[in-house]
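S.K.: Provide a 3D model corresponding to the input given below.
(chains A and B)
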Amino acid sequence: MAKLLVVDDEANIRLLYAQELSDEGYSVVTAASALEAVEKLESDSFDLAVIDIKLKNESGIELLQRIVKERHTLPVILCTAFSCYKDDFSAWLADGYVVKSSDLQELKDEISRVLAKRQKAAFT
Amino acid sequence: MKAVIMAGGFGTRMQPLTCNIPKPMVPLMNRPIMLHIVELLKKYQITDLVMLLYHQPSVIKNFFRDGADLGVRITYVTPLEDMGTAGAVKCAEKYLDERFLIISGDLLTDFNLQKVIDFHESNKALATITLTSVKDPLQFGVVITDKEKRITQFLEKPGWGEVISDTINTGIYVLEPEIFKYIPEGENFDFSQDLFPLLLKKKSALFGFPVKGYWRDIGNTDSYREAHHDILKGKVSVKVDESRREMAGADLRLGLDVKLGEGTAVEGTVVVGDNSQVKGGSQIKDSVIGRNCTIEPGVKLSRAVIWDNVYIKKGAKITDCVICNNVSVGPATTMEEGGVVADDTSIGEESYIKRDVKIWPRKVIESGSTVTGNLIWGERWKKSLFEGEMIKGLTNIELTPEFVAKLGCAYGTSLPKGSHVLVGRDATLSSRMLKRSFLGGILSAGVNVRDIKMVSLPILRYKLRTFGEVGGVHFRQSTDDPATTEIVFLDADGLDFSSSMGKNVERIFYKENFRRAHYMEPGGITELPQVMDFYREGFFRGLDQQVIRGAGAKVVIDFNHSPAGQILPQILNDLGCEVIGLNTYLDEQRGAKTLDEKPNSLQQLAKIVVTLEARAGFWLDPTAEEIVLVDETGRIYAPEELLCLMTALMLKSGARGALAVPVSAPSVIEQLAQENGSSVRRTKSMERSMIEASISPEVIMAGSMGGRFAFPKFQAAFDGMFTVAKTIELSTAVGLPLSSVLKEVPRSSFLQGKVPCVWEKKGGIMRKMSEDSLDKEASFIDGIKVSFVNDWVLVLPDQYQPVIHVVAEAKEQRRAEKLLAEYMQKVENWKKELGQ
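M.R.: Numbers count the residues shown, from 1 in each chain, chains lettered A, B, ... in the order given. Have a look, this model is predicted:
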């Protein structure tokens, strides 16, 4: 069972993602801020992180950069209500980019794509 | 009465039929078109002929000579320059002192010429134009006459709006010698454009006489094929040399010494020229076969026109096509309607020549090819487009803008609609031209393009590793041949295209099964100006910057005029290195240096490194993927030495993990890894295999046997620019000069050889090698590698060349030499055995 870290500052979104992704068979841990995410990353190991770009007073992209620097094998999917960050090259470090929608299918597809890619690499 | 046959045309519209012979000599029912005209004139007792030649006159003169064999008298006139139709006739003025008839040498007609002459005479005309009615008068000159048949108006090649008659000028005229008064000497003067309008203006006796009968201007290859259809259907009667044979239900004409095998099915009208053989079991319908041809069993010909010395092998199917002289058609080949194969061409077995494809002379179509477009300039039509991850071909000859646009469309069709692809190129103008054409094709399939313009391949790969694009394409000049362009295809992860991806694009290309976007939904082009910054940031993150900054290393880099020269010096300067850049400027016209220049460049580089007392020298290949290293003593490293050195540097600097190297790499790598608590993953020699292995999180470095390295912490792709920086970092961390590090590496003798071997025998050789290795310790990752305790030998068939590689490694030079010689001899012997 793949273990996911979902980082979002909105409690409802965290709840929704945790439920929907658990139904998909993932083990889900949530974090409300970048700080909390870093703490959880240090104490636990994850297969993938889903990060909202706009966190309260913090930037998801900065969190992404920190993860790439310190844990470059952990894949990250950026999840945001804005598509404009696609053009920000700091965001290109992510493995995937999903524009938030009430339909979570795109996020689920992206998670399974990125995990499959990593799994393939691990087996090579 | 005399006649002038106009036989000077170039026959440009008839190409490729007229590539080697002038148009009037193109065979119609196994006889030159012009011979039919001579027969027609003879029928009306016109035997004093003037032939007006211009293009390839000797071919016509050699055939007709003085005309005595045909019962006519021929005078040849060859104007020195293009004088126009009337101007050319003016050159023959001295032979035309009586009434004369003019006719083109490339017509098929059965007109009653006597009626035209009689009309001319009874009307006391100065000039009479023979007229006929056609369904489509647009491409001819329309002529209007009054009740007395006097011409009142000319209309040259009218548009449909201007068509007021379907009566056209047939190019057959009867003229009085006085006509020469109206034709200026030494000037380009045309009958229909200049002379007749002048006569009309002067109210001379200019008449038009409409004639009933068959008339066709054999102006292009379609018309040529249709002329044959008309003859075979009996619409027009022409003389056929081959004699009629009794055969129920068919009109069969056979030349001398023709062998018609039993069981040959003949339908309609079939003509077979002298000394040809049609083997039993073939089916021939409404076709003309020339002299000295062989038609093998199972061949199906329908409405085919075959010239001389043609060999059509078993099971070929040819429908409504023209095959010119000295052509060989391979077994089970299919040719669709409208095809033309010009002289001296060879078509391999099971080829498929699509509708209306024209193949110019002296071409080779590889077995199993599907030919979808006209093959004019290049020499070969390849069976498969892809060679590994790339498509390469001669710029503007094999890879033309139209070909590449189609390729772009096929590639776009293979991707999801609305997706994005990343496209870049090297500095050459030809890459830019072809890339632009390719983009048009991609957009037409409704796929978007992110154009990152001139960029090194590793940068393109680096961007592809992130989200946003489903694939990438890079255009570059080949290092082997500056006239060749290579189009490198990458998948969504920046890896080289796999063979199945290539096959998918190929299938769409050959079937022309393109997805065409709705007019509102073609793809769009955007730019990504920040790609360089993104690469640069990742580059820094992948290095121990502190180590490099502290060293202040001086290095010399030969950039080979590649785009890497625009980015790497700046990056290294920012890291505190002093860079002496050679060949850093971009030369759009010249492109990169060729491989022939490489040894000189390396010598030069070595000299500069020593003179400037630099830490190292690097030669970067034009794609910025490969390096050659020169150490501080000026020693140029062989690829296998470089691989050993880089391995030693990595491990000495404290890095631990797995090293991915090809099967053919020296076993010293294992030795080094073992001593340092690391492991080695042997991969196939294909670069994609090495890169696939390097994606794995444990792999710290992948190294090829060609100076290519990937450091997965930065990117799992070969990157020469990063390799340069990493070498500086590692050598600084190790704290030893490069030459000292190499000295510490255990040495062995590593030798490589190759044996030429045709494709068909490669499988057999490998079977023999595997039988030979049964009682030995062997590995089969790529080719067959046999181990003898500390030594080994590898026999590996090349993927793209007709060559078998033999690689041997031993502790002692003599042992390696012996192993190499022994196995090369084995391969030679197996080749002979397989040949028997």
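
S.K.: Where does the prediction get shaky in the stretch 501-650 of chain B?
M.R.: Filtered on pLDDT under 70, the stretch 501-650 of chain B yields the residue ranges B:588-595.

S.K.: what are the ranges of the strands in it?
M.R.: Taking DSSP state E, counting those that start in this stretch as the criterion, the stretch 501-650 of chain B contains strands spanning B:525-527, B:554-558, B:578-582, B:616-620, B:627-630.

S.K.: now the ones you listed as TSV including distance to chain A?
M.R.: Placement of C-beta: from N, CA and C, glycine included. TSV is the format used below for the strands of the stretch 501-650 of chain B (distance: least, CB to the nearest CB, whole Å):
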stretch	distance to chain A
strand B:525-527	9
strand B:554-558	26
strand B:578-582	25
strand B:616-620	25
strand B:627-630	24
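
S.K.: what sits up against the helix ranked longest in chain B?
M.R.: As assigned by DSSP state H, the longest helix anywhere in chain B is helix B:813-835. Helix B:813-835 is contacted from outside by B:748-753, B:755, B:757, B:761, B:764-765, B:768-769, B:772, B:788, B:791, B:793, B:795, B:804, B:806-810, using CB atoms under 8 Å, 6 or more residues apart in numbering or on different chains.

S.K.: any idea of the pLDDT on B:Gly378?
M.R.: At B:Gly378, the pLDDT value in this model is 71.

S.K.: Likewise for B:Val288?
M.R.: At B:Val288, the predicted lDDT confidence score is 96.

S.K.: mind listing the helices in chain A by residue range?
M.R.: Assignment of helices within chain A using DSSP H yields the ranges A:11-23, A:34-43, A:60-70, A:105-123.

S.K.: List of residues touching the third one?
M.R.: Read it as helix A:60-70. For helix A:60-70, the external contacting residues (CB under 8 Å, 6+ apart) are A:7, A:34, A:37-38, A:41, A:49, A:51-55, A:74, A:76, A:78, A:80, A:85, A:88, A:90-91, A:93-94, B:541.

S.K.: Give me the subset of the residues you listed that lies in strands.
M.R.: Among the contacts of helix A:60-70, the ones falling in strands (DSSP state E) are A:7, A:49, A:51-52, A:54-55, A:76, A:78, A:80.

S.K.: Any chance of these in JSON lines with distance to B:Met14 and pLDDT as columns?
M.R.: Listed next are these as JSON lines, based on distance: CB to CB, whole Å; pLDDT from 0 to 100:
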{"residue": "A:Val7", "distance to B:Met14": "73", "pLDDT": "95"}
{"residue": "A:Ala49", "distance to B:Met14": "69", "pLDDT": "96"}
{"residue": "A:Ile51", "distance to B:Met14": "69", "pLDDT": "95"}
{"residue": "A:Asp52", "distance to B:Met14": "70", "pLDDT": "92"}
{"residue": "A:Lys54", "distance to B:Met14": "70", "pLDDT": "88"}
{"residue": "A:Leu55", "distance to B:Met14": "74", "pLDDT": "87"}
{"residue": "A:Val76", "distance to B:Met14": "65", "pLDDT": "94"}
{"residue": "A:Leu78", "distance to B:Met14": "63", "pLDDT": "92"}
{"residue": "A:Thr80", "distance to B:Met14": "65", "pLDDT": "86"}
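
S.K.: near chain B too, which of those?
M.R.: The subset of these lying close to chain B, counting by CB under 8 Å from any CB of the partner chain, is empty.

S.K.: List only those of these flagged as buried.
M.R.: Neighbour counting by 16 or more other CB atoms under 10 Å in any protein chain shown classes A:7, A:49, A:51-52, A:55, A:76, A:78, A:80 among those as buried.

S.K.: which strands and helices sit next to the lowest-mean-pLDDT helix or strand in chain B?
M.R.: Lowest by mean pLDDT, DSSP states H and E among the helices and strands of chain B is strand B:380-381, with a mean of 73. Packing partners of strand B:380-381 (3 or more CB pairs under 8 Å, 6 or more residues apart in numbering or on different chains; DSSP states H and E): strand B:364-365.
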